[in-house]
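A.B. asks: fold the following.
(chains A, B, C and D)
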2 protein chains.
Amino acid sequence: MTVRKLPLRKSAAAVAALDIDTPESRGVRKQRTKTNLQSAALDLMGAGRGFASLSLREITRAAGVVPASFYRHFRDMDELGLALVEESGVTLRRLLREARRTGLPPTHMLRSSVSIYKTYVEQHRLHFLFISGERGGGSTVIRKAIRNEETHFANEMAQDMRAMGILPELSIGTLQMLSGLVVTTMINAAIDILDLPSGQARLEREMVDNFVRQLRLIFLGARIWRD
Amino acid sequence: MTVRKLPLRKSAAAVAALDIDTPESRGVRKQRTKTNLQSAALDLMGAGRGFASLSLREITRAAGVVPASFYRHFRDMDELGLALVEESGVTLRRLLREARRTGLPPTHMLRSSVSIYKTYVEQHRLHFLFISGERGGGSTVIRKAIRNEETHFANEMAQDMRAMGILPELSIGTLQMLSGLVVTTMINAAIDILDLPSGQARLEREMVDNFVRQLRLIFLGARIWRD
DNA sequence: CTATTCAGTGAACATACGTTCACTCAAAGT
DNA sequence: ACTTTGAGTGAACGTATGTTCACTGAATAG
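C.D. replies: Next up is the predicted model:
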């Protein structure tokens, strides 16, 4: 290929004015290739394959680079996997951050939270596919990294509940236990959401309903929990 | 290799008396090789690898047969995977059957149930490793087969609770929803149990404790649930 | 203007892979 | 006794894999 980028002499005016053309071309291009490799891996997994079944060569092929280039960005496949865990972790945390910003609707909060979550999962299909696919299987190191992200996520959730005055009578430890349970249930629901054949409104309603009822049950228990 | 099995002429007496030697040699030997292939696959996964990362050749190698022999038993790897789902499903159901036979201890039932479950998971490490590893990722067909097993398992559990008079005020639909939640939590705990470095009594106690508290919370909610 | 850096290249390598095929030879059927 | 069956064999095939290496050439630094 060799993307013949034209010289594009930078006029001092343009640079000073708006920083438009080839501002950091060197490091920026490298980062873009790295991102391409990660996206290529996620895309391939989007077709229903596990990370462990991907080969280095097909990833570089999908990213439009030669196999040897891979090593300029990652020592091996495990390192790529860990980068994807990090990337997915960001997506996970952003969900929490948005919920924090929005606040929760006072009534029917569970139903609408589930609805929002469902949309979010569908919008970030590849990341949730990666998380729920690799959190149980595959390489040990990747699995543990994901469990770590989940724990962090759950702890943040516990902190948020404390800060928002939800279930104020529970200790922080209990809130963490509760959050862990909620996170497990959410991730499990994500698999269902992603496996659902689109257009099946009936199945979809049943699935969402089941999810809502499970969360309702959990919070029902939390409300009468005594430490 | 060619296991040079001696002719072993069957004396009519022996056959009539105890059915000792080469009773069904043909079909039995075939079944044994098939089992060897399945065990080989599970063993390889026991070393922390996903099913999708196994190759047909290394499975036959570990089973002590030539690659071509594989096709005498399975059309392809997916079919092997489905056989493993079936096998693991049996292990799962046996847990329920034993619980049914034993009955539940009246007090501290949750703690002792968790303890029993932990032992069971450790004793059937490979099956639980397979289930929790492939239930989220890997091939679509295998994943759905596992989810099916899980649903069946949860439904049986709901039936058992109904039969044992546990939470009699709940509808069968609610019991199924509850069971689904419990199963999810159990499988999630299985991953933790299997990942736990042995000898770490402290971590182990914390993990078991967390598991117990999550179940307690769930059943607390179930007790005050109103349909 | 010149020298250095380094992301990406392309070829080469040894190995491993899935699948096929004609075969052997003991057990099962007649 | 004789024929048929079929699980397991061993060789061969084309293709894909991970990794290495010296290389090129544009973006940067001096």
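
A.B. asks: right, is stretch A:137-145 up against chain B?
C.D. replies: Yes: using C-beta under 8 Å from any C-beta of the partner chain, stretch A:137-145 reaches chain B at A:G137, A:G138, A:S139, A:T140, A:R143, A:K144. From N, CA and C alone the C-beta is placed, and that goes for glycine too.

A.B. asks: most neighbours of all the residues you listed, which one?
C.D. replies: Within those, neighbour counts (other C-beta atoms under 10 Å in any protein chain shown) peak at A:G137, which reaches 29 neighbours.

A.B. asks: ok, now which ones touch it?
C.D. replies: Contacts for A:G137 (C-beta atoms under 8 Å, 6 or more residues apart in numbering or on different chains) come out as A:G50, A:A52, A:R143, B:G50, B:F51, B:S132, B:G133, B:E134, B:G136, B:G137, B:G138.

A.B. asks: from those residues, which ones fall inside helices?
C.D. replies: In this view, those that belong to helices under DSSP state H are A:R143, B:S132, B:G133, B:E134.

A.B. asks: got the contact list for the second one?
C.D. replies: In other words, B:S132. A:G136, A:G137, B:I187, B:N188, B:A190, B:I191, B:L194.

A.B. asks: where does pLDDT dip in chain A?
C.D. replies: Filtered on pLDDT under 70, chain A yields the residue ranges A:1-24, A:105-107.

A.B. asks: and of the residues of stretch A:137-145 next to chain B, the nearest to chain B?
C.D. replies: Nearest to chain B among the residues of stretch A:137-145 next to chain B: A:G137, at 3.1 Å, using C-beta to the nearest C-beta.

A.B. asks: who are the contact partners of the closest residue to the closest one other than its chain neighbours?
C.D. replies: Residue nearest to A:G137 in three dimensions, not counting chain neighbours: B:G133, with 3.1 Å by C-beta to C-beta, 6 or more residues apart in numbering or on different chains. Counting by C-beta under 8 Å, 6+ apart, B:G133 touches A:G136, A:G137, A:G138, B:M45, B:G50, B:F51.

A.B. asks: CSV for these, including distance to DNA strand D?
C.D. replies: Shown next, in CSV, are the contacts of B:G133 (distance: C-beta to the nearest atom of the strand, whole Å):
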residue, distance to DNA strand D
A:G136, 22
A:G137, 18
A:G138, 14
B:M45, 19
B:G50, 14
B:F51, 17
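
A.B. asks: looking at the residues you listed, spot the one nearest B:R32.
C.D. replies: Among these, B:M45 lies closest to B:R32 (C-beta to C-beta), at 20.4 Å.

A.B. asks: so where does the closest one fall, helix or strand?
C.D. replies: helix B:25-46 (DSSP states H and E).

A.B. asks: got the buried residues for that helix?
C.D. replies: By neighbour count on 16 or more other C-beta atoms under 10 Å in any protein chain shown, the buried set for helix B:25-46 is B:T33, B:K34, B:N36, B:L37, B:Q38, B:S39, B:A40, B:A41, B:L42, B:L44, B:M45.

A.B. asks: do it and chain A meet?
C.D. replies: No: Helix B:25-46 does not reach chain A (C-beta under 8 Å from any C-beta); its nearest approach is 8.5 Å.

A.B. asks: so what does that helix touch, helix or strand wise?
C.D. replies: Packed against helix B:25-46 by the contact rule (3 or more C-beta pairs under 8 Å, 6 or more residues apart in numbering or on different chains; DSSP states H and E) you find helix B:56-63, helix B:77-102, helix B:125-134.

A.B. asks: from the chain's centroid, how far away is it?
C.D. replies: 16 Å (C-alpha atoms, centre = their mean, to the nearest Å).

A.B. asks: hang on, the earlier thing: quick check, nearest of the buried residues of helix B:25-46 to DNA strand D?
C.D. replies: B:T33 (3.2 Å; C-beta to the nearest atom of the strand).

A.B. asks: isn't the closest one up against B:T60?
C.D. replies: No: between B:T33 and B:T60 there is no contact under C-beta atoms under 8 Å: 9.9 Å.

A.B. asks: joint contacts of those two?
C.D. replies: Counting by C-beta under 8 Å, 6+ apart, the common neighbours of B:T33 and B:T60 are B:S69.

A.B. asks: how close does the residue nearest the centre of chain A sit to A:I116?
C.D. replies: In chain A, the centroid-proximal residue (C-alpha atoms, centre = their mean) is A:S88; its distance is 3.2 Å. As for A:S88, its distance to A:I116 is 19 Å (criterion: C-beta to C-beta, to the nearest Å).

A.B. asks: what's the answer for A:V28, then?
C.D. replies: From A:V28 to A:I116 the distance is 34 Å (C-beta to C-beta).

A.B. asks: rewinding a little: and the helix holding B:M45 with DNA strand C, contact?
C.D. replies: Yes: contact of helix B:25-46 with DNA strand C (C-beta under 7 Å from any atom of the strand) involves B:S25, B:R26, B:G27.

A.B. asks: intersect the residues you listed with the contacts of DNA strand D.
C.D. replies: Filtering those for proximity to DNA strand D (criterion: C-beta under 7 Å from any atom of the strand) leaves B:R26.

A.B. asks: OK, contacts around the nearest residue in space to A:M161 that is not next to it in sequence?
C.D. replies: Nearest residue to A:M161 in three dimensions, chain neighbours excluded: A:L175, at 5.5 Å (C-beta to C-beta, 6+ apart). With contact set as C-beta under 8 Å, 6+ apart, A:L175 has these partners: A:A158, A:M161, A:R162, A:L167.

A.B. asks: how about A:F70?
C.D. replies: For A:F70, the contacting residues are A:L37, A:L56, A:I59, A:T60, by C-beta under 8 Å, 6+ apart.
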